[in-house]
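Student: Need a 3D model of the following:
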Amino acid sequence: MGTLVTGTAATYVEELHINTEKRYEIACITRDVERVVAESGIQDGLVLVNPMHITASCYVNDLEHGLHQDIMTWLEKLAPFFGSDGRQGEEYHHHRTGEDNGDAHLKRQLLGQQVTMPVRDGRLHLGTWEQIHYAEFDGQRNKRILVKVVGVMVQ
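Tutor: Residues are numbered from 1 along each chain as shown. Just a heads-up that it's a prediction; the model follows:
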């Protein structure tokens, strides 16, 4: 049997800012998202986490650094970097525009764009090992992450 939660419909939006030290990097942003959810006052609903950049991804998985390395290794096999480092191989057509981040666009497609997670009792409703991560594939510059909470405020 389900639960009906009633109250005033509301949305709350905040942008997080991140600047990774490396071109490729994974950062756990669960605590940041938890803070936004708590500040929103929304008790029941959903939170959308969107990287707002076409060379980055938000995804949910375990917070385990070996897994982070495995993910990056897997992505590099599927969409290798061909840039000014002299690596051999077919150049991405995207590079004909003057860019060198064709692999970053493909890596984002493989890992996914954004996540939507449940909010219950004013908190993220995560599974036992679930954590929200930001994956960067063209970093070392300022990037934004949109966090939008939608739901009801119980009075």
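
Student: what about the longest helix in this protein?
Tutor: Identified as the longest helix of the chain according to DSSP state H is helix 65-78.

Student: Return the set of buried residues in that helix.
Tutor: 68, 71-72, 75 (16 or more other Cβ atoms under 10 Å). (Each C-beta comes from the backbone N, C-alpha and C, glycine too.)

Student: possible to save these as TSV with distance to Asp32 and pLDDT?
Tutor: Shown next, in TSV, are the buried residues of helix 65-78 (distance: Cβ to Cβ, whole Å; pLDDT from 0 to 100):
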residue	distance to Asp32	pLDDT
His68	17	97
Ile71	20	97
Met72	21	97
Leu75	23	97
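
Student: just checking, what packs against the longest helix of the chain?
Tutor: strand 25-28, helix 102-111 (3 or more Cβ pairs under 8 Å, 6 or more residues apart in numbering; DSSP states H and E).

Student: State the mean pLDDT of the first one.
Tutor: By that I understand strand 25-28. For strand 25-28, mean pLDDT is 97.

Student: Okay, buried residues for that strand please.
Tutor: The neighbour-count check on strand 25-28 (16+ other Cβ under 10 Å) flags 25-27 as buried.

Student: Ok, stretch 134-146 next?
Tutor: Residues of stretch 134-146 classed as buried: 134-139, 143, 145 (neighbour count, 16+ other Cβ under 10 Å).

Student: Then stretch 8-20?
Tutor: Residues of stretch 8-20 classed as buried: 12, 14, 16, 18, 20 (neighbour count, 16+ other Cβ under 10 Å).

Student: Looking at those residues, spot the one nearest Val36.
Tutor: Glu14 (4.9 Å; Cβ to Cβ).
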